[in-house]
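Engineer: With the sequence up front, the predicted model follows.
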Amino acid sequence: MKLTIQILSAAALFGLVASEATAQQFQGPRIGLEVAHEDYGAVAGESVAIVAGWDAEVASSWVVGADVRLTVDGVEERRTRAVGVNTQTVTTAIEDQWGVSARVGRVIGGRVLLFGHVGYEQLHYDAVRDLRAPVCVPPSGCLISRLAQSFDEDAMTYGVGAEWAVTDHWRVRGTYTRSDGSAVESDRLAVTGSFQF
């Protein structure tokens, strides 16, 4: 019973704060830097991207916006293991990744924006498997075989996030993004610092 009262009280306070919030802190163009952890199943790691966007107030506490995202340092992973007496190295990289998205959010307390977003992303997936012998013999040297797989992927994205207007111009946000493509699915957890003009 006590927990129920606490939940109802928190909900009432949330509603009061939300009703007094304005979206003026989240208007206009912005540009920022994103650091993320991305998991593609077969490969996972950190990435860095430039994110630019524009937000507009559509009601006293509602915001709509659009983002463009360009990865400048994508996920890359190298795994090496023994296969019999030989050594196998698999190098996987996510390259040329970019995307666009739209978001709708509600301002809480004047400086925090809770939002959902949907969009589109494209990336280039590249994987190379090298099998090398412990003793190098001409003309191929240590390399026994090489298998390569490479393709471009289009994917729909969706997710949620929260953004804090630290000052009138600086913002910090955290987002979760799910990407669903025909060959690759991924999860991204990201933190972005941005400047609003």
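Structural biologist: Now that the structure is in, tell me what you want to look at. Numbering: from 1, shown residues only.
Engineer: Give the pairing partners of the helix or strand that contains residue 52; include direction for each.
Structural biologist: According to DSSP states H and E, residue 52 maps onto strand 44-59. Paired with strand 44-59 in the same sheet, following DSSP bridges, are strand 28-39 (antiparallel), strand 62-73 (antiparallel).
Engineer: Which one, of those strands, ends up nearest to residue 181?
Structural biologist: Taking Cβ to Cβ, strand 28-39 is the member of the strands paired with strand 44-59 nearest to residue 181, at 13.1 Å. Glycine gets a C-beta too; all of them are placed from N, C-alpha and C.
Engineer: before we move on, the earlier item: what lies in contact with the strand holding residue 52?
Structural biologist: Defining contact as Cβ atoms under 8 Å, 6 or more residues apart in numbering, one finds that strand 44-59 is touched by 22-24, 26-38, 63-77, 94, 97, 190, 192, 194.
Engineer: Now, of the residues you listed, which are buried?
Structural biologist: Neighbour-count burial (16 or more other Cβ atoms under 10 Å) is assigned, among the contacts of strand 44-59, to 23, 26, 30, 32, 34, 36, 38, 63-65, 67, 69, 71, 74-75, 94, 97, 190, 192, 194.
Engineer: How much space separates the residue nearest to residue 145 when sequence neighbours are not counted from residue 72?
Structural biologist: In space, and not counting its chain neighbours, residue 145 is closest to residue 131: 4.8 Å by Cβ to Cβ, 6 or more residues apart in numbering. Taking Cβ to Cβ, to the nearest Å as the criterion, residue 131 is separated from residue 72 by 32 Å.
Engineer: can you pull out the strands in the protein?
Structural biologist: 28-39, 44-59, 62-73, 76-83, 86-108, 112-137, 141-165, 170-181, 185-196 (DSSP state E).
Engineer: The shortest one pairs with which strands, and in what direction?
Structural biologist: When you say that, I think you mean strand 76-83. Counting by DSSP bridges, the strands paired with strand 76-83 are strand 86-108 (antiparallel).
Engineer: Have a look at this protein and report the helix or strand with the lowest mean pLDDT.
Structural biologist: helix 2-20 (a mean of 41; mean pLDDT, DSSP states H and E).
Engineer: In CSV, list the strands of the chain along with mean pLDDT.
Structural biologist: What follows is the strands of the chain, written out as CSV (pLDDT from 0 to 100):
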stretch, mean pLDDT
strand 28-39, 96
strand 44-59, 94
strand 62-73, 96
strand 76-83, 91
strand 86-108, 94
strand 112-137, 92
strand 141-165, 92
strand 170-181, 96
strand 185-196, 96
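Engineer: List the beta-bridge partners for the residue at minimal distance from the centre of the chain.
Structural biologist: Taking Cα atoms, centre = their mean, the centroid of the chain lies closest to residue 188, which sits 4.1 Å from it. For residue 188, the beta-bridge partners under DSSP bridges are residue 38, residue 177.
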